[in-house]
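S.K.: how would this look folded up:
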Amino acid sequence: MNVTPFYRKFKIKNKIFSISLLLLLIFCLIGIVTYHYFTTIYEKRIYEESADMLQLSSTVLDKELKKVEGLSFQVSTDELVQRYMDRINSNIIGIEDYRTKTSLLERLLIFASAERYISSMQVIDIYGNKYTTGFNTSIEADPTRLNRLVYESAGSNFWTRIKEENTIAAARLIRKKENVSLEHLGILVITLDMKEFIDRTLNFSPNKNFIITNGEDIFFQNENMDIKISDLPKEKYVNGYRTTEINGNDYLVTFKHSRFSDLTYYHLLPFDSITRQTETIRSIMIICFLFMLTLTIILSRRAADNISKPLEELSLRMKHVQSGDFEEPFEIPAKYYDDEVGQLHVNFRLMLDKINELIKENYTKQLIIKETEYKALQAQINPHFLYNTLDSINWLAKINQQEKISVMAEALGNMMRNIISKKAAMITIKEELEIVKNYITIQKYRYDQRLNFTLKSISELEDSKIPKLSIQPIVENAIQHGLEEMITECRIIVDITTDEDDLLIVVEDNGPGIEENKLEGIYRGEIRSKSSGIGLNNINERIKMMFGEKYGIKIESKVGKGTKVKIRLPYLLG
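M.R.: This is a model prediction of the structure:
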């Protein structure tokens, strides 16, 4: 079962409009798919770059914190520090004790000045007395918690959070190394200003939204951030990234665990900053789509009207002609001249003009045909009546011993019988030559010794078929235009031969010849025969119409030397 497409009944302008909208929709879908594809690639790249940045940042931070731990170990094992702590712990009161404490602070200050992010360096003796130096000596750790953590670490360095915001401390026991006694000399606490630490350490990173935790407390976060430890991913020993909602906002959280401590580094990137550019691109695409939709509707409607309106006008003109009125009153609008539809209008108008011309021509021909039929009916004579009349004249001439009259009447009768009785368009050369001979017989009695006629023919060619009245009218023209215009003898020669596969008939006379301008008039049919009315142009056109352009009549003539008419025909046997 054939299904007719639903759009087949649409008007052309609606089809053009629909195609334009369909193409716009396709481009829109391609744009949406492309937008989502590149957005996904862009976001994935952001994730990867965030992870790479955190990897680099955590490596730098680990290295720097390791450096602080090394500094802690260096201070705790320093000979002067241990000697000063040993004296202080001896609890000797006096000037010497004051000098020792002063020397200890000076020694600690040297170490504390090593890095700008070290806020303070503090030593606590076995009696709980604190000796603090550095840029900010007001920072204090919780002594109870600190003592517990120090003894739990068994002499190794550990990191702890200070109550002040964004301040952490590296603490360890100071053990006497003399004689490897490992006697408890005190506690070393190095406090770090994490804001200064991050700013100086990560000076290559444009985004310092870092959070550092030890799994239980947040050691560091930016001042403008208010994030709780419960808001962060809890995966242990796993590095990666994920999208997390914190305080009602979506963040891309990248996390990585330290390679040598229990610290975990987090990097937070607001999801809005990731999607801001994609949202901008999406808004631009929507605006562009709406603009293109409006532009497409306007332009496609205008283009559809410009195409369909001329066709609708042409259809209206055709319906007007279909009603039978070929005299079209419409004028072709000038704006249609330069395109294909304009050419349709022009060609339609030319077709109507041609139809009107043919109608008038056919009407005129019909009138002429009717008039000719009427005249032919009036002039119609029974051929048998004509033959009988000529036969009667022949016998009366014989009875009265008028031989010339008898011969002329008999020749005319035979000639008329051959012309009128034979209805076929093609006759043999023998039959055509009988007509010529009878015609020459009559003309010899008229011109007597002035006419000299010679026939050169091959008997094998007499059965060849040629168009009827191909030779006789040419002989008649030779007599009319040759003999009648000269006073000497007129020689007419008819020569019939073959030329390869063609038949060549030559009619030659020694008449006055034909001028060049008259030859052109004969070929164009402008100069007609004086007698029979069958001119050379008529015979030439008949031959070409029957056998093709290769065949026909060729005239060779020189003024004062005679004329030669060559007839080329195909060699056809009956």
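
S.K.: Now do the contacts for His481.
M.R.: Gly511, Pro512, Ile514, Lys530, Thr563 (Cβ atoms under 8 Å, 6 or more residues apart in numbering). (Glycine included, C-beta is placed from N, CA and C.)

S.K.: Let me have those residues in JSON lines, extended by neighbour count, distance to Glu96 and pLDDT.
M.R.: What follows is the contacts of His481, written out as JSON lines (neighbours: other Cβ atoms under 10 Å; distance: Cβ to Cβ, whole Å; pLDDT from 0 to 100):
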{"residue": "Gly511", "neighbour count": "24", "distance to Glu96": "169", "pLDDT": "83"}
{"residue": "Pro512", "neighbour count": "17", "distance to Glu96": "169", "pLDDT": "85"}
{"residue": "Ile514", "neighbour count": "20", "distance to Glu96": "161", "pLDDT": "83"}
{"residue": "Lys530", "neighbour count": "13", "distance to Glu96": "169", "pLDDT": "55"}
{"residue": "Thr563", "neighbour count": "23", "distance to Glu96": "164", "pLDDT": "89"}
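
S.K.: which of the residues you listed lies closest to Ile126?
M.R.: Nearest to Ile126 among the contacts of His481, counting by Cβ to Cβ, is Ile514 at 154.8 Å.

S.K.: For that closest one, what is the enclosing helix or strand?
M.R.: Ile514 belongs to no helix or strand when assigned by DSSP states H and E.

S.K.: I'd say it and Ile555 touch.
M.R.: Yes. At 7.1 Å, Ile514 and Ile555 qualify as touching, with contact defined as Cβ atoms under 8 Å.

S.K.: got any residues that touch both of these two?
M.R.: Shared contacts of Ile514 and Ile555, defined by Cβ under 8 Å, 6+ apart, comprise Ile522, Thr563.

S.K.: Send over stretch 60-68 as CSV, restricted to the C-alpha atoms.
M.R.: Below are the C-alpha coordinates for stretch 60-68, written out as CSV (Å, rounded to 0.1, in the frame of the first residue of the first chain):
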residue,chain,number,x,y,z
VAL,A,60,54.4,21.4,48.6
LEU,A,61,52.5,21.6,51.9
ASP,A,62,53.8,18.1,52.9
LYS,A,63,57.3,19.2,52.1
GLU,A,64,57.0,22.4,54.1
LEU,A,65,55.3,20.7,57.1
LYS,A,66,58.0,18.0,56.9
LYS,A,67,60.5,20.9,57.1
VAL,A,68,58.8,22.2,60.2
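
S.K.: Counting neighbours, show which residues of the worst-scoring helix or strand of the chain on mean pLDDT come out buried.
M.R.: Averaged element by element with mean pLDDT, DSSP states H and E, the chain has its least confident helix or strand at helix 340-379 (a mean of 71). Within helix 340-379, the residues that qualify as buried are Val341, Gly342, His345, Phe348, Leu352, counting by 16 or more other Cβ atoms under 10 Å.

S.K.: Give me the distance between the fourth one and Asp305.
M.R.: Yep, that's Phe348 we're talking about. 21 Å (Cβ to Cβ, to the nearest Å).

S.K.: count of neighbours near Ser76?
M.R.: 22 (other Cβ atoms under 10 Å).

S.K.: should've said Arg83
M.R.: Neighbour number of Arg83 under other Cβ under 10 Å is 17.

S.K.: tell me the contacts of it?
M.R.: By Cβ under 8 Å, 6+ apart, Arg83 lies in contact with nothing.

S.K.: Helix or strand: which one has it?
M.R.: Going by DSSP H and E, Arg83 is in helix 79-89.

S.K.: downstream neighbour of that helix in the secondary structure list?
M.R.: Proceeding N to C from helix 79-89, the next assigned helix or strand is helix 95-112, under DSSP H and E.

S.K.: Extract the C-alpha trace of whichever helix or strand comes after that following helix and format it as PDB.
M.R.: The element immediately downstream of helix 95-112 (helix or strand, assigned by DSSP H and E) is strand 118-124. The C-alpha trace of strand 118-124 is given here as PDB (Å, rounded to 0.1, in the frame of the first residue of the first chain):
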ATOM      1  CA  ILE A 118      56.200  30.500  62.500                       C
ATOM      2  CA  SER A 119      54.100  32.500  65.000                       C
ATOM      3  CA  SER A 120      55.900  31.400  68.100                       C
ATOM      4  CA  MET A 121      58.200  28.800  69.600                       C
ATOM      5  CA  GLN A 122      57.500  27.700  73.200                       C
ATOM      6  CA  VAL A 123      59.300  25.400  75.600                       C
ATOM      7  CA  ILE A 124      57.500  24.000  78.800                       C
END
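
S.K.: Could I get the buried residue list for strand 118-124?
M.R.: Ile118, Ser119, Ser120, Met121, Gln122, Val123, Ile124.

S.K.: Now that the fourth one has come up, it's in contact with Gly134, right?
M.R.: Spelled out, that is Met121. Yes. If you go by Cβ under 8 Å, Met121 and Gly134 touch, sitting 5.3 Å apart.

S.K.: between those two, what contacts are shared?
M.R.: Shared contacts of Met121 and Gly134 (Cβ under 8 Å, 6+ apart): Leu108, Leu109, Ala112, Thr191.

S.K.: most neighbours, which of those?
M.R.: Among the shared contacts of Met121 and Gly134, Thr191 has the most neighbours (other Cβ under 10 Å), with 28 neighbours.

S.K.: so it touches Ile118, yeah?
M.R.: Yes. Contact criterion Cβ under 8 Å: Thr191 and Ile118 qualify, at 7.3 Å.

S.K.: For these two, list the residues in contact with both.
M.R.: Common neighbours of Thr191 and Ile118, using Cβ under 8 Å, 6+ apart, are Gly134.

S.K.: export the shared contacts of Met121 and Gly134 to a markdown table and tack on pLDDT and distance to Asn477?
M.R.: Below are the shared contacts of Met121 and Gly134 laid out as a markdown table (pLDDT from 0 to 100; distance: Cβ to Cβ, whole Å):
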| residue | pLDDT | distance to Asn477 |
| --- | --- | --- |
| Leu108 | 88 | 147 |
| Leu109 | 88 | 146 |
| Ala112 | 86 | 142 |
| Thr191 | 88 | 140 |
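
S.K.: Which residue ranges of the stretch 251-400 of the chain form strands?
M.R.: Counting by DSSP state E, counting those that start in this stretch, the stretch 251-400 of the chain has these strands, from start to end: 264-270.

S.K.: Quick check: mean pLDDT of the lengthiest helix in the chain?
M.R.: Looking across the chain with DSSP state H, the single longest helix is helix 12-76. Computed over helix 12-76, the mean pLDDT rounds to 81.

S.K.: Just want the angle from it to helix 95-112.
M.R.: Going by axes from the mean of the first three to the mean of the last three Cα atoms, to 10 degrees, helix 12-76 is angled at 150 degrees with respect to helix 95-112.

S.K.: my guess is Leu269 meets Asp250, correct?
M.R.: No. Using Cβ under 8 Å, Leu269 is not in contact with Asp250; the gap is 10.0 Å.
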